[in-house]
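> Task: produce atomic coordinates for the following.
(one chain, ligands or ions: 1)
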Amino acid sequence: MKIDELNKRIKECRRCRLSETRMNAICGEGNLNAKIMIIAQAPGEKEDKEGRMFIGPSGKVLDKLLDAAGVRRGEFYMTNLVKCMLPKYRKPKQDEIKACSYYLDEERKLLNSRILVPLGYYGSRYIFQTHGIQSPSKAEFSLVCGRLFLAKDKKILPLHHPASLLYNPDSKQDLIKSYRKLQVLLKDCKWYPVCPMKRFHEEGKLDKKWIELYCKGDWESCIRYQKEERGEPHPDWMLPDGTLDEKLHKEG
Ligand code: SF4
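Predicted coordinates:
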């Protein structure tokens, strides 16, 4: 199936009760070759009326967060977990997610973005579940926001939904900090070509997870990177999380 065909099906969809109250089912938008797919929860009223993604109040917040992160919408593909508006901004019901996530699954197959960025609890729970990762409870969701997870050939970065800033303006700095990870994930660590971790990995002495999670992932959180930036000496056998690996030391 091609994306145009999928979008046609989305627009005509009657798989759940939300089709009775919506004006428009909203298709994904953006760069079809994007490395990063952003997955929001569901369209709001303005999106429902005008048939476009993120054009209401949440979209304005999203643009400010992307701007603060130094990235642009055009660098991503954006879609929703549930394609139709949820009446009175209520939470999505389990059977609605079950019916509608078929489209998200198809989009994921068609685009093959290597990094999935679910916004908010429900999108994150679905993406975690479909990748065999233990999903946090709603109360613990903040603890995983902005943390990069590895699942086979995909990376997952859960973030707070931009709408959360409308209800909780005090969280602005935390959101800006976590959305900055989008810029980090668009490129590899600048030290990678000369980093001992690359050599250890190529020699089969280092698990690929270190490279994927840090060197080609969230390198800004790497202790080696931070020390490099401050000009502080550190041994070759120090792992990206700052622990010393004596096995690497001996095998050097
Ligand atoms: S280990 Fe750290 S410093 Fe080295 S390439 Fe990876 S992220 Fe960069």
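> who touches stretch 48-55?
22-24, 26-29, 40, 43, 46-47, 59, 62-63, 73, 78-80, 84-85 (CB atoms under 8 Å, 6 or more residues apart in numbering). Any C-beta I mention is one placed from the backbone N, CA and C, and that applies to glycine too.
> With stretch 152-159 instead?
For stretch 152-159, using CB under 8 Å, 6+ apart, the contacting residues are 114-119, 123-124, 127-128, 131, 133, 141, 144-150, 175, 178-179, 181-182, 185, 212-213, 217-218.
> for stretch 113-128, same thing?
For stretch 113-128, the external contacting residues (CB under 8 Å, 6+ apart) are 34-41, 76-77, 81, 91-92, 97, 101, 104, 108, 134-136, 138, 141, 144, 149, 153-164, 182, 185.
> Quick check: buried residues in that stretch?
Of all the residues in stretch 113-128, those buried under the rule 16 or more other CB atoms under 10 Å are 113, 115-128.
> chain center to that stretch, what's the gap?
Offset of stretch 113-128 from its chain centre (CA atoms, centre = their mean, to the nearest Å): 6 Å.
> Got phi/psi on the closest residue to the ligand within the stretch 1-150 of the chain?
Evaluated by CB to the nearest ligand atom, the stretch 1-150 of the chain has Leu148 as its residue closest to the ligand, separated by 11.7 Å. Dihedral pair for Leu148: phi -90, psi 130, per degrees, to the nearest 10.
> Can you get me a residue count around the residue nearest to it when sequence neighbours are not counted?
Nearest residue to Leu148 in three dimensions, chain neighbours excluded: Asp218, at 4.6 Å (CB to CB, 6 or more residues apart in numbering). Using other CB atoms under 10 Å, Asp218 has 21 neighbouring residues.
> Run through the residues that contact Asp218.
By CB under 8 Å, 6+ apart, the residues touching Asp218 are 148, 157, 181, 184-185.
> and the gap between it and Leu32?
25 Å (CB to CB, to the nearest Å).
> Return the alpha-carbon coordinates of the host helix or strand of Glu47 using PDB.
Per DSSP states H and E, Glu47 falls inside helix 45-50. Provided in PDB are the C-alpha atoms of helix 45-50 (Å, rounded to 0.1, in the frame of the first residue of the first chain):
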ATOM      1  CA  GLU A  45     -11.100  21.100  17.300                       C
ATOM      2  CA  LYS A  46      -9.300  23.300  14.900                       C
ATOM      3  CA  GLU A  47      -7.500  20.300  13.300                       C
ATOM      4  CA  ASP A  48     -10.900  18.600  13.000                       C
ATOM      5  CA  LYS A  49     -12.500  21.600  11.300                       C
ATOM      6  CA  GLU A  50      -9.600  22.400   8.800                       C
END
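> Thank you, goodbye.
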